[in-house]
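1. After the sequence you'll find the predicted model.
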Amino acid sequence: MSAQLIDGNALSKQLRAEVAQRAAALTARGLKPGLAVILVGDNPASAVYVRNKVKACEDVGFHSVLEKYEATLSEADLLARIDALNNDPAIHGILVQLPLPKHIDDHKVIEAISPLKDVDGFHVASAGALMVGEVGFKACTPYGCMKMLESIGLKDLRGKHAVVIGRSNIVGKPMAMMLLAANATVTITHSGTADLAAMTRQADIVVAAVGKRNVLTADMIKPGAVVIDVGMNRNDEGKLCGDVDFDGCREVASHITPVPGGVGPMTITMLLVNTMEAAERVAAAAV
Ligand SMILES: Nc1nc2c(c(=O)[nH]1)N[C@@H](CN(C=O)c1ccc(C(=O)N[C@@H](CCC(=O)O)C(=O)O)cc1)CN2
């Protein structure tokens, strides 16, 4: 039997409509949510993503600013721009598109963003808040994965075993923390894991976030598992594909996310949700 698809485009449409309603309500009270997007350099994929982010902002009624800089922009100049945006009352969220050119220290740049405007959820303060269960912004990609699980009735994950493949700061680690906060039993696997398949075969939920094709194949999952594919790769024909052998795994899993049309659109949707939240927090603090 073929797995049910978890459609990131359909879920995004629904969540973005909710954001648009909240944005209209806040705008009517005199506060329009605002997002600043910074792109440094000419990475073609990044150019598409930032365009999509700005378009998504327009669609839900946000104010948005796209700042594009040459790849030669100095780190000091970028930090100065972030400082200005931190102090701009029309801007509630700031994001710097990654990857940055090699001469710029992305850690330094992320830490320069005010935690109150860190709608990517990458700041150490946001990661720490997630770790201890305090208010902060959740990293958009894993946050989107959690919403996808919720959409199939998996909100409280008590009794479920989730296996995360990958330990990056922006996906693997926050993903594990979010699954843990939802009461799952969580295993994080990575390049140093001795027997990956032995781990994934035990999982009720597998999240693949490595950036390598076919990391997860049908023989590595148990029947009925839920498979979330965060990967974004190109196959030999240049076609977009994830980390999961989709055709194989869909015959074994109960639910699976496609690539494209799965986690990718949800990343942008959760950026809107975080920006909305940032603006609402400003409004709440003003009363
Ligand atoms: N500052 C950030 N930089 C990066 C992030 C991020 O969350 N914040 N994530 C990725 C890129 N990314 C968003 O920025 C992103 C990647 C892919 C998609 C998406 O919708 N993909 C589509 C397919 C698009 C295509 O055809 O090429 C899909 O999966 O359906 C959205 C956002 C790295 N940088």
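-> Looks like it came in fine.
2. How is residue 206 assigned, secondary-structure-wise?
-> Per DSSP: H, G, I helix; E, B strand; the rest coil, the local secondary structure of residue 206 is strand.
3. any idea how far it is from the ligand?
-> Note on residue 206: its distance to the ligand, by Cβ to the nearest ligand atom, to the nearest Å, is 18 Å. The way it works is simple: take the backbone N, C-alpha and C, and place the C-beta from them, glycine included.
4. ok, and for stretch 44-61, which residues are buried?
-> In terms of neighbour count (16 or more other Cβ atoms under 10 Å), stretch 44-61 has its buried residues at 46, 49-50, 53-54, 56-57, 60-61.
5. Actually, stretch 215-228.
-> 215-216, 218, 220-221, 225-228.
6. related to what we said a few turns ago, so which of the buried residues of stretch 44-61 would count as near the ligand as well?
-> With Cβ under 6 Å from any ligand atom as the criterion, these include residue 49 near the ligand.
7. what's residue 224 in contact with, if anything?
-> Counting by Cβ atoms under 8 Å, 6 or more residues apart in numbering, residue 224 makes contact with 204, 253-254.
8. and the buried residues of stretch 44-61, which of them are in helices?
-> Among the buried residues of stretch 44-61, the members falling in helices (DSSP state H) are 46, 49-50, 53-54, 56-57, 60.
9. Find the closest residue to the ligand in this protein.
-> residue 264 (2.1 Å; Cβ to the nearest ligand atom).
10. you'd agree that residue is up against residue 232?
-> Yes. Under the criterion of Cβ atoms under 8 Å, residue 264 makes contact with residue 232 at 6.6 Å.
11. which of these two has more neighbours?
-> Between residue 264 and residue 232, residue 264 has the larger neighbour count (other Cβ atoms under 10 Å), namely 24 against 17.
12. Next, the more buried one: secondary structure please.
-> helix.
13. now the helices for the stretch 1-150 of the chain?
-> 8-28, 44-60, 75-86, 106-112, 124-132, 140-151 (DSSP state H, counting those that start in this stretch).
14. So is the longest one next to the ligand?
-> So the one you mean is helix 8-28. No. Applying Cβ under 6 Å from any ligand atom, one finds helix 8-28 separated from the ligand by no less than 6.6 Å.
15. who does that helix touch, helix- and strand-wise?
-> Under the contact definition 3 or more Cβ pairs under 8 Å, 6 or more residues apart in numbering; DSSP states H and E, helix 8-28 sits against helix 44-60, helix 140-151, helix 263-286.
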